[in-house]
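Asker: coords please:
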Amino acid sequence: MAARDYPKIVVPPPGPRAQEVVARDAEWTSTCYIKEYPLVVARGSGVMVEDVDGNRYLDFMAGIAVSSTGYGHPKVVAAVKDAADRFLHICGSDFYYEGMATLCERLAKLAPGESKKRVFLTNSGTEAVEAAIKLARHSTRRTAIIAFRGAFHGRTTGAVSLTSSKARQHAGFGPLLPDVHHVPFAYRYRCQFCADEPACNLGCVDVIEELFTRHLDPHDVAAIFVEPIQGEGGYIVPPPGYLPSLRALCDRHGILLVADEVQCGVGRTGKMFACEHEGVEPDIVLTAKGLGSGMPIGAMIAKESITTWASGSHGSTFGGNPVCCAAALATLDLVEGGLMANAARQGERLMTAACRLMAKHDCIGDVRGRGLMVGMEFVRSRETREPAPELVQELVQRSFRQGLLLLGAGKSSLRLAPPLVIDDRDVDTALGMIDATLGEIA
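Answerer: Residues are numbered from 1 along each chain as shown. From the prediction side, this is the model:
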(Lines give C-alpha, C1' and ligand atoms only; values in the text may rest on other atoms or scores of the structure.)
Protein backbone atom coordinates (compact mmCIF):
# COMPACT_ATOMS: atom_id res chain seq x y z
CA MET A 1 0.00 0.00 0.00
CA ALA A 2 1.26 3.46 -0.89
CA ALA A 3 1.99 5.68 2.07
CA ARG A 4 -1.12 7.80 1.45
CA ASP A 5 -3.41 5.37 -0.27
CA TYR A 6 -6.40 6.42 1.81
CA PRO A 7 -9.20 7.27 1.77
CA LYS A 8 -9.95 4.99 -1.17
CA ILE A 9 -13.25 3.28 -1.96
CA VAL A 10 -12.90 0.38 -4.39
CA VAL A 11 -16.31 -1.21 -3.78
CA PRO A 12 -19.36 0.76 -2.58
CA PRO A 13 -19.68 -0.22 1.10
CA PRO A 14 -20.84 -2.56 2.33
CA GLY A 15 -19.17 -4.76 -0.27
CA PRO A 16 -19.99 -8.45 -0.76
CA ARG A 17 -17.67 -9.77 1.97
CA ALA A 18 -18.86 -7.09 4.37
CA GLN A 19 -22.47 -7.98 3.66
CA GLU A 20 -21.77 -11.60 4.63
CA VAL A 21 -20.35 -10.56 7.99
CA VAL A 22 -23.17 -8.08 8.62
CA ALA A 23 -25.75 -10.79 7.90
CA ARG A 24 -24.06 -13.27 10.26
CA ASP A 25 -23.79 -10.62 12.96
CA ALA A 26 -27.48 -9.74 12.58
CA GLU A 27 -28.41 -13.39 12.99
CA TRP A 28 -26.46 -14.14 16.15
CA THR A 29 -25.54 -11.06 18.18
CA SER A 30 -27.64 -9.44 20.87
CA THR A 31 -30.24 -6.94 19.70
CA CYS A 32 -28.84 -4.18 21.95
CA TYR A 33 -25.87 -3.41 19.71
CA ILE A 34 -26.13 -0.07 17.87
CA LYS A 35 -24.00 -0.56 14.73
CA GLU A 36 -23.58 2.97 13.41
CA TYR A 37 -22.84 1.91 9.81
CA PRO A 38 -21.76 -1.30 8.04
CA LEU A 39 -18.01 -0.96 8.53
CA VAL A 40 -16.44 -4.44 8.68
CA VAL A 41 -12.81 -3.96 9.65
CA ALA A 42 -10.04 -6.22 8.36
CA ARG A 43 -6.99 -4.29 9.55
CA GLY A 44 -5.65 -0.84 10.32
CA SER A 45 -2.43 1.13 10.08
CA GLY A 46 -1.95 4.52 11.69
CA VAL A 47 -5.09 6.53 10.95
CA MET A 48 -6.15 4.20 8.11
CA VAL A 49 -8.78 1.50 8.50
CA GLU A 50 -9.24 -1.13 5.79
CA ASP A 51 -12.41 -3.17 5.47
CA VAL A 52 -12.81 -6.77 4.29
CA ASP A 53 -13.48 -5.64 0.71
CA GLY A 54 -10.33 -3.53 0.44
CA ASN A 55 -11.87 -0.11 1.05
CA ARG A 56 -9.57 2.23 2.97
CA TYR A 57 -10.91 4.87 5.33
CA LEU A 58 -9.50 7.90 7.10
CA ASP A 59 -10.51 7.38 10.72
CA PHE A 60 -11.73 10.45 12.61
CA MET A 61 -13.46 8.62 15.45
CA ALA A 62 -10.76 6.14 16.63
CA GLY A 63 -13.24 3.54 17.85
CA ILE A 64 -14.81 6.23 20.06
CA ALA A 65 -11.51 7.85 21.10
CA VAL A 66 -9.88 4.50 21.93
CA SER A 67 -7.18 3.98 19.30
CA SER A 68 -5.03 6.78 20.66
CA THR A 69 -1.76 5.70 19.04
CA GLY A 70 -3.43 4.70 15.79
CA TYR A 71 -3.80 1.16 14.51
CA GLY A 72 -0.96 -1.30 14.85
CA HIS A 73 1.62 1.04 16.32
CA PRO A 74 4.80 -1.05 16.26
CA LYS A 75 5.82 -0.14 19.83
CA VAL A 76 2.43 -1.10 21.24
CA VAL A 77 2.27 -4.30 19.20
CA ALA A 78 5.78 -5.26 20.29
CA ALA A 79 4.88 -4.68 23.95
CA VAL A 80 1.75 -6.80 23.61
CA LYS A 81 3.62 -9.63 21.89
CA ASP A 82 6.39 -9.61 24.47
CA ALA A 83 3.93 -9.73 27.36
CA ALA A 84 1.85 -12.46 25.67
CA ASP A 85 4.97 -14.57 25.15
CA ARG A 86 5.65 -14.48 28.89
CA PHE A 87 2.17 -15.04 30.39
CA LEU A 88 -1.37 -14.01 29.46
CA HIS A 89 -2.89 -13.75 32.91
CA ILE A 90 -2.45 -13.97 36.64
CA CYS A 91 -5.06 -12.22 38.78
CA GLY A 92 -3.69 -8.86 39.89
CA SER A 93 -6.13 -8.71 42.79
CA ASP A 94 -4.43 -11.73 44.37
CA PHE A 95 -0.86 -11.87 43.05
CA TYR A 96 1.97 -9.62 41.87
CA TYR A 97 3.66 -8.84 38.59
CA GLU A 98 5.96 -6.01 37.63
CA GLY A 99 3.81 -4.51 34.88
CA MET A 100 0.90 -3.84 37.22
CA ALA A 101 3.07 -2.22 39.90
CA THR A 102 4.86 -0.12 37.27
CA LEU A 103 1.67 1.08 35.61
CA CYS A 104 0.01 1.97 38.93
CA GLU A 105 3.07 3.96 39.98
CA ARG A 106 3.18 5.77 36.66
CA LEU A 107 -0.50 6.68 36.63
CA ALA A 108 -0.33 7.84 40.24
CA LYS A 109 2.53 10.17 39.40
CA LEU A 110 0.89 11.43 36.20
CA ALA A 111 -2.40 12.32 37.89
CA PRO A 112 -3.06 16.03 38.50
CA GLY A 113 -1.97 17.58 41.78
CA GLU A 114 0.75 17.05 44.34
CA SER A 115 -1.00 14.65 46.74
CA LYS A 116 -0.05 11.00 46.67
CA LYS A 117 -2.40 8.76 44.69
CA ARG A 118 -3.26 5.06 44.65
CA VAL A 119 -4.52 3.21 41.59
CA PHE A 120 -7.11 0.50 41.02
CA LEU A 121 -6.94 -1.08 37.55
CA THR A 122 -10.06 -2.13 35.66
CA ASN A 123 -11.19 -3.64 32.36
CA SER A 124 -13.06 -0.55 31.22
CA GLY A 125 -14.19 2.98 31.95
CA THR A 126 -17.52 1.74 33.23
CA GLU A 127 -15.79 -0.51 35.75
CA ALA A 128 -13.66 2.45 36.86
CA VAL A 129 -16.85 4.44 37.45
CA GLU A 130 -18.31 1.60 39.51
CA ALA A 131 -15.14 1.48 41.62
CA ALA A 132 -15.32 5.24 42.18
CA ILE A 133 -18.95 5.06 43.31
CA LYS A 134 -18.03 2.43 45.87
CA LEU A 135 -14.88 4.17 47.09
CA ALA A 136 -16.60 7.55 47.38
CA ARG A 137 -19.41 6.14 49.48
CA HIS A 138 -17.05 4.03 51.58
CA SER A 139 -14.61 6.87 52.20
CA THR A 140 -17.15 9.56 53.09
CA ARG A 141 -19.80 7.34 54.69
CA ARG A 142 -22.30 9.33 52.64
CA THR A 143 -24.66 8.00 49.99
CA ALA A 144 -25.81 10.75 47.62
CA ILE A 145 -24.12 11.37 44.28
CA ILE A 146 -24.52 14.35 41.96
CA ALA A 147 -24.09 13.94 38.21
CA PHE A 148 -24.94 16.08 35.20
CA ARG A 149 -27.53 16.16 32.48
CA GLY A 150 -26.03 14.91 29.26
CA ALA A 151 -23.41 12.87 31.13
CA PHE A 152 -22.26 9.44 30.03
CA HIS A 153 -20.52 7.28 32.62
CA GLY A 154 -21.28 3.78 31.34
CA ARG A 155 -24.04 1.20 31.13
CA THR A 156 -23.72 -1.11 34.14
CA THR A 157 -26.30 -0.51 36.84
CA GLY A 158 -24.34 1.94 38.99
CA ALA A 159 -22.70 3.76 36.10
CA VAL A 160 -25.91 4.04 34.07
CA SER A 161 -27.60 5.57 37.11
CA LEU A 162 -25.17 8.47 36.73
CA THR A 163 -25.57 8.53 32.94
CA SER A 164 -28.06 11.06 31.58
CA SER A 165 -27.41 10.90 27.87
CA LYS A 166 -30.30 9.02 26.26
CA ALA A 167 -33.55 7.81 27.82
CA ARG A 168 -33.23 4.41 26.15
CA GLN A 169 -30.14 3.73 28.27
CA HIS A 170 -32.42 3.78 31.34
CA ALA A 171 -35.68 2.47 29.88
CA GLY A 172 -36.81 -0.84 31.36
CA PHE A 173 -33.84 -1.25 33.71
CA GLY A 174 -35.16 0.31 36.91
CA PRO A 175 -35.01 0.68 39.76
CA LEU A 176 -31.52 2.06 39.32
CA LEU A 177 -29.08 3.23 41.98
CA PRO A 178 -30.89 5.38 44.56
CA ASP A 179 -29.83 8.83 45.77
CA VAL A 180 -28.41 10.03 42.42
CA HIS A 181 -29.25 13.63 41.54
CA HIS A 182 -28.75 15.26 38.12
CA VAL A 183 -28.12 18.97 37.60
CA PRO A 184 -27.46 21.07 34.46
CA PHE A 185 -23.99 20.94 32.91
CA ALA A 186 -22.08 24.05 31.80
CA TYR A 187 -23.37 23.82 28.22
CA ARG A 188 -22.65 27.39 27.19
CA TYR A 189 -24.34 27.20 23.78
CA ARG A 190 -27.62 26.03 25.33
CA CYS A 191 -27.26 27.12 28.97
CA GLN A 192 -30.54 28.04 30.66
CA PHE A 193 -28.64 30.59 32.75
CA CYS A 194 -26.32 32.37 30.32
CA ALA A 195 -26.70 31.15 26.73
CA ASP A 196 -27.66 34.66 25.61
CA GLU A 197 -25.35 36.49 28.00
CA PRO A 198 -21.96 37.94 26.96
CA ALA A 199 -20.14 35.73 29.49
CA CYS A 200 -20.75 32.69 31.65
CA ASN A 201 -22.29 33.58 35.03
CA LEU A 202 -21.75 30.11 36.56
CA GLY A 203 -25.48 29.83 37.20
CA CYS A 204 -25.16 26.06 36.75
CA VAL A 205 -22.89 25.98 39.81
CA ASP A 206 -25.24 28.18 41.82
CA VAL A 207 -28.08 25.75 41.09
CA ILE A 208 -26.19 23.06 43.02
CA GLU A 209 -26.09 25.32 46.07
CA GLU A 210 -29.82 25.91 45.60
CA LEU A 211 -30.30 22.13 45.50
CA PHE A 212 -28.51 21.97 48.85
CA THR A 213 -30.86 24.62 50.25
CA ARG A 214 -34.16 23.15 49.06
CA HIS A 215 -33.75 19.45 48.43
CA LEU A 216 -30.49 17.74 49.40
CA ASP A 217 -28.35 18.23 52.50
CA PRO A 218 -24.74 18.58 51.26
CA HIS A 219 -23.55 16.52 54.22
CA ASP A 220 -25.32 13.55 52.61
CA VAL A 221 -23.41 13.96 49.32
CA ALA A 222 -20.46 11.64 48.78
CA ALA A 223 -19.28 12.87 45.39
CA ILE A 224 -19.88 14.95 42.30
CA PHE A 225 -19.04 13.05 39.10
CA VAL A 226 -18.13 15.30 36.19
CA GLU A 227 -16.65 14.89 32.73
CA PRO A 228 -14.19 17.78 32.30
CA ILE A 229 -15.36 17.68 28.69
CA GLN A 230 -18.68 15.95 28.12
CA GLY A 231 -18.19 13.23 25.52
CA GLU A 232 -21.36 11.40 24.54
CA GLY A 233 -23.31 14.49 25.56
CA GLY A 234 -21.94 16.46 22.61
CA TYR A 235 -18.22 17.21 23.11
CA ILE A 236 -19.11 20.11 25.37
CA VAL A 237 -16.26 22.14 26.84
CA PRO A 238 -17.31 24.03 29.98
CA PRO A 239 -16.36 27.72 30.26
CA PRO A 240 -13.17 28.79 32.06
CA GLY A 241 -13.64 28.81 35.82
CA TYR A 242 -16.32 26.14 35.87
CA LEU A 243 -14.20 23.23 37.08
CA PRO A 244 -12.43 25.37 39.73
CA SER A 245 -15.86 26.48 40.95
CA LEU A 246 -16.95 22.86 41.29
CA ARG A 247 -13.72 22.12 43.15
CA ALA A 248 -14.41 25.02 45.56
CA LEU A 249 -18.00 23.89 46.09
CA CYS A 250 -16.85 20.37 46.92
CA ASP A 251 -14.26 21.71 49.35
CA ARG A 252 -16.88 23.83 51.15
CA HIS A 253 -19.05 20.82 51.82
CA GLY A 254 -16.57 17.96 52.19
CA ILE A 255 -17.69 16.38 48.90
CA LEU A 256 -15.34 14.37 46.69
CA LEU A 257 -14.81 15.60 43.11
CA VAL A 258 -14.57 12.74 40.62
CA ALA A 259 -13.28 13.59 37.14
CA ASP A 260 -14.43 11.06 34.55
CA GLU A 261 -11.67 11.37 31.96
CA VAL A 262 -12.46 8.08 30.27
CA GLN A 263 -12.86 9.82 26.90
CA CYS A 264 -10.96 13.09 27.35
CA GLY A 265 -7.86 11.79 29.14
CA VAL A 266 -4.51 10.28 28.09
CA GLY A 267 -3.30 13.22 26.04
CA ARG A 268 -6.31 13.72 23.82
CA THR A 269 -6.80 17.38 24.79
CA GLY A 270 -3.10 18.24 24.55
CA LYS A 271 -2.53 17.57 28.25
CA MET A 272 -2.44 14.20 29.94
CA PHE A 273 -5.74 14.97 31.68
CA ALA A 274 -8.29 17.57 30.60
CA CYS A 275 -8.78 18.95 34.12
CA GLU A 276 -5.16 20.15 33.99
CA HIS A 277 -6.24 22.91 31.60
CA GLU A 278 -8.02 24.47 34.59
CA GLY A 279 -5.42 23.58 37.20
CA VAL A 280 -7.88 21.37 39.11
CA GLU A 281 -6.88 18.38 41.22
CA PRO A 282 -9.82 15.98 41.56
CA ASP A 283 -10.07 13.56 44.45
CA ILE A 284 -10.52 10.73 41.95
CA VAL A 285 -9.61 10.59 38.26
CA LEU A 286 -11.00 7.90 35.96
CA THR A 287 -9.36 6.84 32.73
CA ALA A 288 -9.75 4.08 30.12
CA LYS A 289 -10.43 4.23 26.34
CA GLY A 290 -7.12 5.59 24.96
CA LEU A 291 -5.03 4.19 27.83
CA GLY A 292 -4.33 0.84 26.15
CA SER A 293 -4.44 1.84 22.47
CA GLY A 294 -7.35 -0.57 22.06
CA MET A 295 -6.54 -3.15 24.70
CA PRO A 296 -9.22 -3.28 27.42
CA ILE A 297 -7.86 -1.44 30.44
CA GLY A 298 -8.99 1.40 32.68
CA ALA A 299 -8.01 2.89 36.00
CA MET A 300 -9.36 4.68 39.05
CA ILE A 301 -6.67 7.03 40.39
CA ALA A 302 -7.60 8.24 43.87
CA LYS A 303 -5.93 10.33 46.54
CA GLU A 304 -4.26 8.13 49.12
CA SER A 305 -6.10 10.06 51.86
CA ILE A 306 -9.46 8.71 50.71
CA THR A 307 -8.29 5.20 49.78
CA THR A 308 -9.46 3.85 53.11
CA TRP A 309 -11.13 0.59 52.09
CA ALA A 310 -9.69 -2.65 53.46
CA SER A 311 -8.12 -5.56 51.61
CA GLY A 312 -10.87 -7.57 49.90
CA SER A 313 -13.33 -4.66 49.83
CA HIS A 314 -13.08 -4.52 46.04
CA GLY A 315 -11.34 -6.44 43.27
CA SER A 316 -11.29 -7.46 39.62
CA THR A 317 -10.25 -10.77 38.11
CA PHE A 318 -9.15 -9.32 34.77
CA GLY A 319 -8.54 -5.69 35.75
CA GLY A 320 -4.89 -4.84 35.09
CA ASN A 321 -4.31 -7.90 32.89
CA PRO A 322 -0.53 -8.15 32.23
CA VAL A 323 -0.84 -7.87 28.44
CA CYS A 324 -3.09 -4.82 28.83
CA CYS A 325 -0.65 -3.26 31.31
CA ALA A 326 2.13 -3.66 28.75
CA ALA A 327 -0.01 -1.94 26.12
CA ALA A 328 -0.80 0.89 28.52
CA LEU A 329 2.84 1.48 29.44
CA ALA A 330 3.81 1.58 25.74
CA THR A 331 0.91 3.93 25.07
CA LEU A 332 1.99 6.31 27.84
CA ASP A 333 5.54 6.28 26.46
CA LEU A 334 4.21 7.38 23.08
CA VAL A 335 1.76 9.94 24.45
CA GLU A 336 4.40 11.57 26.66
CA GLY A 337 7.01 11.17 23.94
CA GLY A 338 5.27 13.36 21.37
CA LEU A 339 1.67 12.39 20.69
CA MET A 340 0.26 14.66 23.41
CA ALA A 341 2.13 17.59 21.86
CA ASN A 342 0.88 16.52 18.43
CA ALA A 343 -2.68 16.49 19.77
CA ALA A 344 -2.27 20.10 20.88
CA ARG A 345 -0.71 21.15 17.59
CA GLN A 346 -3.12 19.32 15.31
CA GLY A 347 -6.01 20.33 17.55
CA GLU A 348 -5.31 23.97 16.78
CA ARG A 349 -5.32 23.19 13.07
CA LEU A 350 -8.53 21.20 13.43
CA MET A 351 -10.30 23.94 15.41
CA THR A 352 -9.22 26.60 12.89
CA ALA A 353 -10.53 24.51 10.00
CA ALA A 354 -13.77 23.71 11.83
CA CYS A 355 -14.34 27.41 12.52
CA ARG A 356 -13.81 28.15 8.84
CA LEU A 357 -16.52 25.61 8.03
CA MET A 358 -18.84 27.29 10.53
CA ALA A 359 -18.27 30.62 8.79
CA LYS A 360 -19.13 28.98 5.46
CA HIS A 361 -22.07 26.76 6.45
CA ASP A 362 -25.00 28.26 8.37
CA CYS A 363 -26.03 24.81 9.56
CA ILE A 364 -23.10 24.78 12.00
CA GLY A 365 -24.19 26.63 15.13
CA ASP A 366 -21.20 26.05 17.37
CA VAL A 367 -17.65 24.71 17.33
CA ARG A 368 -15.83 23.81 20.56
CA GLY A 369 -13.02 21.57 21.68
CA ARG A 370 -9.59 21.05 23.16
CA GLY A 371 -6.81 19.28 21.31
CA LEU A 372 -8.12 16.38 19.25
CA MET A 373 -11.53 16.41 20.92
CA VAL A 374 -13.59 18.78 18.79
CA GLY A 375 -17.36 19.07 18.53
CA MET A 376 -19.38 20.74 15.78
CA GLU A 377 -23.05 21.34 16.61
CA PHE A 378 -25.55 21.40 13.75
CA VAL A 379 -28.76 23.42 13.81
CA ARG A 380 -31.69 24.11 11.53
CA SER A 381 -31.40 27.81 12.32
CA ARG A 382 -28.72 29.79 14.09
CA GLU A 383 -31.40 32.15 15.37
CA THR A 384 -33.49 29.45 17.06
CA ARG A 385 -30.62 26.99 17.62
CA GLU A 386 -33.03 24.18 16.83
CA PRO A 387 -31.01 20.95 16.66
CA ALA A 388 -30.59 19.21 13.30
CA PRO A 389 -29.94 15.53 14.16
CA GLU A 390 -30.95 14.32 10.72
CA LEU A 391 -28.21 16.45 9.15
CA VAL A 392 -25.54 14.89 11.38
CA GLN A 393 -26.80 11.42 10.55
CA GLU A 394 -26.74 12.12 6.82
CA LEU A 395 -23.24 13.61 7.08
CA VAL A 396 -21.92 10.58 8.99
CA GLN A 397 -23.46 8.08 6.55
CA ARG A 398 -22.30 9.88 3.41
CA SER A 399 -18.83 10.34 4.81
CA PHE A 400 -18.60 6.61 5.50
CA ARG A 401 -19.51 5.80 1.92
CA GLN A 402 -16.82 8.24 0.74
CA GLY A 403 -14.09 6.89 3.02
CA LEU A 404 -14.21 9.05 6.16
CA LEU A 405 -15.18 7.55 9.52
CA LEU A 406 -17.16 9.91 11.77
CA LEU A 407 -19.57 9.64 14.69
CA GLY A 408 -22.23 11.90 16.12
CA ALA A 409 -22.55 12.94 19.75
CA GLY A 410 -25.29 14.55 21.80
CA LYS A 411 -28.51 15.46 20.03
CA SER A 412 -27.02 17.06 16.92
CA SER A 413 -23.25 17.30 17.23
CA LEU A 414 -20.43 15.75 15.26
CA ARG A 415 -17.46 14.50 17.25
CA LEU A 416 -13.97 14.73 15.76
CA ALA A 417 -11.69 12.42 17.73
CA PRO A 418 -9.01 10.96 15.46
CA PRO A 419 -5.99 8.98 16.63
CA LEU A 420 -3.31 11.22 18.11
CA VAL A 421 -0.92 10.32 15.26
CA ILE A 422 -2.69 12.40 12.60
CA ASP A 423 -0.80 15.01 10.62
CA ASP A 424 -1.60 18.17 8.67
CA ARG A 425 -2.68 16.31 5.57
CA ASP A 426 -5.06 14.06 7.50
CA VAL A 427 -6.74 17.09 9.11
CA ASP A 428 -7.02 18.94 5.80
CA THR A 429 -8.36 15.86 4.01
CA ALA A 430 -11.04 15.15 6.61
CA LEU A 431 -12.26 18.74 6.87
CA GLY A 432 -12.23 19.06 3.09
CA MET A 433 -14.44 15.99 2.80
CA ILE A 434 -16.84 17.33 5.44
CA ASP A 435 -16.96 20.67 3.62
CA ALA A 436 -17.77 19.01 0.31
CA THR A 437 -20.47 16.80 1.82
CA LEU A 438 -22.11 19.74 3.59
CA GLY A 439 -22.14 21.54 0.24
CA GLU A 440 -24.26 18.68 -1.10
CA ILE A 441 -26.72 18.21 1.76
CA ALA A 442 -26.95 21.40 3.79
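Asker: helices along this structure, start to end?
Answerer: Assigned by DSSP state H, the helices in the chain fall at 16-28, 62-65, 74-86, 98-110, 125-140, 157-162, 203-214, 242-253, 322-334, 340-360, 389-402, 424-441.
Asker: CSV for the ones you listed, including mean neighbour count?
Answerer: Where you see a C-beta, it was placed from the backbone N, CA and C, and this is true even at glycine. Shown next, in CSV, are those (neighbours: other C-beta atoms under 10 Å):
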stretch, mean neighbour count
helix 16-28, 12
helix 62-65, 22
helix 74-86, 15
helix 98-110, 17
helix 125-140, 24
helix 157-162, 21
helix 203-214, 16
helix 242-253, 18
helix 322-334, 24
helix 340-360, 18
helix 389-402, 18
helix 424-441, 16
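Asker: dump these into a markdown table; add distance to residue 266 and mean pLDDT as well.
Answerer: Below are these laid out as a markdown table (distance: least, C-beta to C-beta, whole Å; pLDDT from 0 to 100):
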| stretch | distance to residue 266 | mean pLDDT |
| --- | --- | --- |
| helix 16-28 | 30 | 98 |
| helix 62-65 | 9 | 96 |
| helix 74-86 | 13 | 98 |
| helix 98-110 | 9 | 98 |
| helix 125-140 | 11 | 98 |
| helix 157-162 | 19 | 96 |
| helix 203-214 | 27 | 93 |
| helix 242-253 | 18 | 98 |
| helix 322-334 | 7 | 98 |
| helix 340-360 | 8 | 98 |
| helix 389-402 | 25 | 98 |
| helix 424-441 | 19 | 97 |
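Asker: got TSV for those, with distance to residue 195 too?
Answerer: Converted to TSV, the helices of the chain look like this (distance: least, C-beta to C-beta, whole Å):
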stretch	distance to residue 195
helix 16-28	42
helix 62-65	27
helix 74-86	42
helix 98-110	36
helix 125-140	29
helix 157-162	25
helix 203-214	10
helix 242-253	14
helix 322-334	38
helix 340-360	17
helix 389-402	19
helix 424-441	24
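Asker: of all those helices, which lies closest to residue 169?
Answerer: helix 157-162 (5.8 Å; C-beta to C-beta).
Asker: closest to residue 290 out of the helices of the chain?
Answerer: helix 62-65 (6.0 Å).
Asker: in contact with the spatially closest residue to residue 279 that is not a sequence neighbour, which residues?
Answerer: The shortest distance from residue 279 to any non-neighbouring residue, by C-beta to C-beta, 6 or more residues apart in numbering, is to residue 244 (7.1 Å). Residue 244 sits next to 278-280 when contact means C-beta atoms under 8 Å, 6 or more residues apart in numbering.
Asker: just the buried ones from those, in PyMOL syntax?
Answerer: Of the contacts of residue 244, the buried ones can be selected in PyMOL as follows, counting by 16 or more other C-beta atoms under 10 Å:
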select buried, resi 278+280
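Asker: quick check, nearest of the contacts of residue 244 to residue 312?
Answerer: Within the contacts of residue 244, the smallest distance to residue 312 is 32.3 Å, found for residue 280 (C-beta to C-beta).
Asker: pull up the gap between the closest one and residue 354, please.
Answerer: As judged by C-beta to C-beta, to the nearest Å, residue 280 and residue 354 stand 26 Å apart.
Asker: please apply the same query to residue 11.
Answerer: Between residue 11 and residue 354 the distance is 31 Å, computed by C-beta to C-beta.
Asker: grab the nearest non-local neighbour of residue 407.
Answerer: Using C-beta to C-beta, 6+ apart, the closest residue to residue 407 is residue 61 (4.4 Å).
Asker: what's the neighbour count on that neighbour?
Answerer: Around residue 61 there are 23 other residues, counting by other C-beta atoms under 10 Å.
Asker: tell me who's in contact with residue 374.
Answerer: 235, 347, 350-351, 354, 367-368, 415-417.
Asker: compute the number of surrounding residues for the nearest residue to it once chain neighbours are set aside.
Answerer: Nearest residue to residue 374, sequence neighbours excluded (C-beta to C-beta, 6+ apart): residue 416, at 4.2 Å. Residue 416: 27 surrounding residues under other C-beta under 10 Å.
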